[in-house]
Structure formats: structure tokens, C-alpha cells
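# Okay, predicted coordinates and the sequence, questions at the end:
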Amino acid sequence: MLECSLAVDIGASSGKMLVGYIKNGKLRLQEVHRFENRLIKRDKHFCWDLQSLFSEIVTGIHASRDQGFVPQSIGIDTWAVDFVLLGENDELLTDAVSYRDPRTDGMMEEVFQQISKERLYLETGIQFQKFNTIYQLYYLKKNHPEILDKAKSFLMIPDYLNYLLTGNKTNEYTNATSTQLVNAFTKKWDRELLDQLGINKEMFQEILPPKSTLGNLKPELSREFGFDMKVLLPATHDTGSAVVSVPESNDTIYISSGTWSLIGVENNFPICVTKALDYNFTNEGGIDYRFRFLKNIMGLWMIQEVKRNYHNRYTFADFAEMADQVDDFHSTVNVDDDRFLKPKNMIEEIQKYCRETNQTVPETSGEVAKCVFDSLSVSYQTAIDQIEEVYEKEFKKINVIGGGSQNEMLNQLIADTTQKEVIAGPFEATAIGNLASQLISLGEIENLNEARQIVKNSFEMKVFRSKNKTEGLK
Ligand code: LFR
């Protein structure tokens, strides 16, 4: 039996559980469980199925033991912004409605009538996305005020799963910042903002930073598993955990590549200047109160949806290959347009966009895929230009991390488009960051710097350089 920590990393399309431990100075990983995650329709809204996700976590804990591991600790990370509300007896008052649900359409504009955009940005440092928690809560305030009034606990998705494991409630800091309701400087709930919006303040929990210990398993769970373990808080926002895996370097921009592409740099302080507001860059909270100055780009969601629209006839690798074989097709779409957030049919939406902008309409699967990948790389280039403008300096390298870093065609395209060196990996960045934080809490890794050094030494990274030094796809 091998002592280890257990990372639960749930993304919008799948969840996985990996054990991790240090051996000979290197971090070793093993996946012990994998499961699907998808949206379900409940009461006309797109929701996450938290009961099923929790039962997958239980299955994964059993699986870790069955595969010869003894987890000392467990840490959960998921996507951000979504939440549930609990009532007086800890009963669920809401479904876990997804950020892709259209319920927040128009809410951002209504919030701006009460609080100026500038003030919101100066206080929270968070980008304007129509799905941020603040706009979801505002939707409830407008349409179901009785639910908000009754709510005794506001828990984000990992907070709720942690509550099911331990019976203890908290709001973890990195995920809390994604609500756009945490003050970037005090790192506490912004009570004035909440008052101004008339949102019940009492339901918010104490904010705890990553590396905190939440507690132990509930007695009935430890009885079921036959062992107990600590429930630790990593950066419970997946992007926060992913960026733990980026080796520190001040000339590198990272792209955390998954359902979303998160492109940016890490700072020790929030940058809330006008240019950052104009370009809609965020300053999300990270481990050790680092800040992720980054932008959300629609990401591989576009190709995931295209794949679904083709009834899963092709794999992701097929799309990369088909795109690579298309020569003379150059139409691109603005991937940041909200129309691509949850269109009825992604292929048709892309075609419609090309038609409306008088570009050649992609017809074949290869053309559609090329259009998506080219559009992503154009959007990366724009974001890089904006980062370099804000920083008044040139960044030399791009570190692509996460599942998308396995797409070699896209890595090469990014190198060709940006004319920068692309370092790809680690592809399990999020689970690694989650585990690194747990191992720091347990005293097995000293600090973030050491964690990053260990990551660098433990996982292979591949380098891509522009094949065409003079001509980018600007
Ligand atoms: C990535 C991510 C992004 C967040 C988006 C919605 O998985 O967490 O960081 O903006 O999902 O929550």
C-alpha cells in the first residue's frame, strides 16, 4: 500500500481522479478513476448533476484503495462561478445551474445600472463575463427573491462537494474571486457591493485560502471506506490549480488549454488599469495570493461542440488531422462572441458567422475544424498583443498546459501565428497543481517555488518553434 494524496479534477466535460506522491524527488501520478460530466435540463435550465458527481467521487476513493493506494488527503477542483444555495436545514434550495444557461442574458447591463462598470472592476479586478456569479445571483434576486431571502449558505461547486465529504462549510478563496464579489485588495466578500445589489450577505461563508485544512471525512464515509483522510483545499478553481504547474518565468505567457483557453500571466498584485478593463482582462485570485491576469477565450469547447454536432463520428485527433490537410481556407470567426457560448448547433453558428461577415462558408469537417483552430490562434495573438501592451514588454515564450497541450497541430499553429516558442505540458497541469498544493499542506513540499521546480523536473515538455520565421497568421 502506497501513501499518497488524491486529486479530484472535474471539468465541464469530464472528471478524473489521480493519486500523487513524491518519489526520488519527482512527483508521480496515477489516474484511478475517470467519468463523464455533462449538462442536464432541469426546470428549463441547464444544470450540473452534483449527486452523480459526488457518487463518482465516492467510487474514485474506493478505486484508489482497490488499486493499492492509501490516500492521506483529498482535494477537489472544478470550473468556477457556479454555486448552490442551502436553506435552514442544509437542504438544497437551488439546482446547480450552469454558467452556460441563458438565464443571465441582460443581467450584466442591469447590474451596471446600480454599480458602475469601473467601480466593479476597480474593487474586484474581475473580467466581465455575463455568467459571473454576481449576474447569476442578480437573476435570482430579480426572479426568485424568496429563494435568496431563505438561503443560509452559499456554496460554490467544490465547496458543496467538500461539504458533502466533511459536513464543514467554507468558501475557498480562488473560486470565490470568480464571483466578482470579492474585493481584490482585502480578499474578503465585498459587503458594500452586496448591500448595493440587495443580496443577502449572511449566506456567504468565511473565505479560506488554498492549503487550508477543511477537516476529516464524515464518520459515516470513513466507515464506508475503511479509512479516514484529510480534506484539504487546493486552489479549488481549476485554472488556479493549473497555473501552479507553470514554471515561474517572467518572459512566459501561459495558456491553460481545455474547454476554455485561459491566456495570461501571473502577478503578485491585481492590475486594474483602464487598459486592462478595456481589454476585459481578469485578476483572479491564486495560491499564495498570486493573481492571474488573464483572458477567457472560448477554447476547445468549440471543437467539442463541433464533434458532438458530427455525432462523435470523429475524434479530436481526427479534427486536428483534417484541419491540417485543408490548404486554401482562411475564414475565421470571433471566438469571443457570446453567440458561441451555447449555440443550438456550433457548426451552423460558425457557418452563419462566416456568411454574415462575407467570408467563405466552411462546408467540410476539415474546413470547419480549420476555421475553429485558426480562429483560436488569431484570438490568442490578439490577447498576447494586449498583454504586451499593458506590460510594455515582449514575452518570448508561451507555455501551453492542460489537456489541449496534447494537440500538436494547435501547438505548432500557435508557434507559427505568434512567432514565439511554445512549450507544451504538463497536460495534467490542473491535477498536478491540486496535488502540489496538498503536498505543501502536508509538509512534503516546502512551498510554491519548490513545487514548480518539482513539476519542471517530473514531466516532459515539448517545444514547438515557428516553421515560418517571417510570416505569422496575424
Ligand atoms: C475553466 C474555467 C474558467 C472559468 C470557466 C467557467 O474550466 O474554470 O477559468 O472562467 O471555467 O467557470
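Sure thing, it's come through. Residues are numbered from 1 along each chain as shown.

# Could you give the number of residues near the closest residue to the ligand within the stretch 151-300 of the chain?
For the stretch 151-300 of the chain and the ligand, the shortest gap (CB to the nearest ligand atom) falls at Thr239, measuring 3.7 Å. C-beta coordinates here come from the backbone N, C-alpha and C atoms, glycine included. Neighbour count for Thr239, taken as other CB atoms under 10 Å: 29.

# Could you double-check that it sits in contact with Tyr254?
No - using CB atoms under 8 Å, Thr239 makes no contact with Tyr254, being 9.8 Å away.

# Need the overlap of contacts for those two.
By the contact definition CB atoms under 8 Å, 6 or more residues apart in numbering, Thr239 and Tyr254 are jointly contacted by Leu262.

# From the ligand, how far out is Ile414?
With distances taken as CB to the nearest ligand atom, to the nearest Å, Ile414 is found 18 Å from the ligand.

# right, and that residue touches Lys467 too?
No - with contact defined as CB under 8 Å, Ile414 does not count as touching Lys467 (12.0 Å).

# In terms of neighbours, single out the busier of the two.
A count of neighbours by other CB under 10 Å puts Ile414 above the other of Ile414 and Lys467, at 27 against 9.

# Poorly predicted segments of this structure, please.
Applying pLDDT under 70 to the chain flags residues 469-474.

# so how far is the lengthiest helix in it from its chain's centroid?
Secondary structure of the chain per DSSP state H: the longest helix is helix 365-391. Here helix 365-391 is found 19 Å from its chain centre; the criterion is CA atoms, centre = their mean, to the nearest Å.

# quick one: buried residues of it?
365-384, 386-387, 390 (16 or more other CB atoms under 10 Å).

# Quick check: the gap between the residue of the stretch 151-300 of the chain closest to the ligand and Ile303.
Using CB to CB, to the nearest Å, Thr239 is found at 19 Å from Ile303.

# One more: Ala151?
38 Å.

# next one: Ser379
Distance from Ser379 to Ile303, by CB to CB: 14 Å.

# and what of Val400?
On the measure of CB to CB, Val400 and Ile303 end up 15 Å apart.

# higher neighbour count, those two?
Val400 (29 against 23).

# wait, is that one part of a helix?
No - counting by DSSP: H, G, I helix; E, B strand; the rest coil, Val400 is not found in a helix; it is strand.

# hey, what's it bridged with?
Ile255, Ala424 (DSSP bridges).

# my guess is it meets Ala424, correct?
Yes - Val400 is in contact with Ala424 according to CB under 8 Å; the separation is 4.9 Å.

# what's the overlap in contacts for the two?
Asn411.

# Alongside the ligand, which residues does the stretch 351-474 of the chain contribute?
Contact residues (CB under 6 Å from any ligand atom) of the stretch 351-474 of the chain with the ligand: there are none.

# How much space separates the closest residue to the ligand within the stretch 351-474 of the chain from Glu367?
Using CB to the nearest ligand atom, the closest approach of the stretch 351-474 of the chain to the ligand is made by Thr430 at 8.3 Å. As judged by CB to CB, Thr430 and Glu367 stand 32 Å apart.

# Repeat that for Asn132.
34 Å.

# Please apply the same query to Thr360.
From Thr360 to Glu367 the distance is 8 Å (CB to CB).

# Can you pull the residues that touch both of the two?
Shared contacts of Thr360 and Glu367 (CB under 8 Å, 6+ apart): Phe329.

# Just give the nearest non-adjacent residue to Glu202, would you?
Leaving aside its chain neighbours, Glu202 sits nearest to Lys152 (7.2 Å; criterion: CB to CB, 6 or more residues apart in numbering).

# element containing Lys352, please.
helix 346-356 (DSSP states H and E).

# got the buried residues for that helix?
For helix 346-356, the neighbour count (16+ other CB under 10 Å) marks Met346, Ile347, Glu349, Ile350, Gln351, Tyr353, Cys354 as buried.

# what's the answer for stretch 304-324, then?
304-307, 309-310, 314, 316, 319-320, 322-324.

# now the residues you listed in JSON lines, with secondary structure and distance to Arg103?
As requested, these are exported to JSON lines (DSSP: H, G, I helix; E, B strand; the rest coil; distance: CB to CB, whole Å):
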{"residue": "Gln304", "secondary structure": "helix", "distance to Arg103": "22"}
{"residue": "Glu305", "secondary structure": "helix", "distance to Arg103": "20"}
{"residue": "Val306", "secondary structure": "helix", "distance to Arg103": "25"}
{"residue": "Lys307", "secondary structure": "helix", "distance to Arg103": "26"}
{"residue": "Asn309", "secondary structure": "helix", "distance to Arg103": "24"}
{"residue": "Tyr310", "secondary structure": "coil", "distance to Arg103": "29"}
{"residue": "Tyr314", "secondary structure": "coil", "distance to Arg103": "32"}
{"residue": "Phe316", "secondary structure": "helix", "distance to Arg103": "30"}
{"residue": "Phe319", "secondary structure": "helix", "distance to Arg103": "31"}
{"residue": "Ala320", "secondary structure": "helix", "distance to Arg103": "34"}
{"residue": "Met322", "secondary structure": "helix", "distance to Arg103": "36"}
{"residue": "Ala323", "secondary structure": "helix", "distance to Arg103": "34"}
{"residue": "Asp324", "secondary structure": "helix", "distance to Arg103": "39"}
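
# Tell me the one among the residues you listed nearest to the ligand.
Gln304 (12.2 Å).

# Was I right to think the closest one contacts Thr259?
Yes - using CB under 8 Å, Gln304 is in contact with Thr259, at 6.8 Å.

# list the residues that contact both of those two?
Shared contacts of Gln304 and Thr259, counting by CB under 8 Å, 6+ apart, come down to Ser13.

# For the stretch 51-200 of the chain, which residues are neighbours of the ligand?
So far as CB under 6 Å from any ligand atom goes, the stretch 51-200 of the chain lies against the ligand at Trp79, Ala80, Val81, Tyr99.

# Quick check: the third one is in a helix.
Read that as Val81. No - read with three-state DSSP, Val81 is coil and lies in no helix.

# what residues are up against it?
Per CB under 8 Å, 6+ apart, neighbours of Val81: Tyr99, Gln129, Phe131, Asn132, Thr133, Gln136, Met156, Ser178, Thr179.

# Now the helix or strand hosting Arg119: buried residues?
Element membership for Arg119, per DSSP H and E: helix 117-124. By 16+ other CB under 10 Å, the buried positions in helix 117-124 come out as Leu120, Tyr121, Leu122, Glu123, Thr124.
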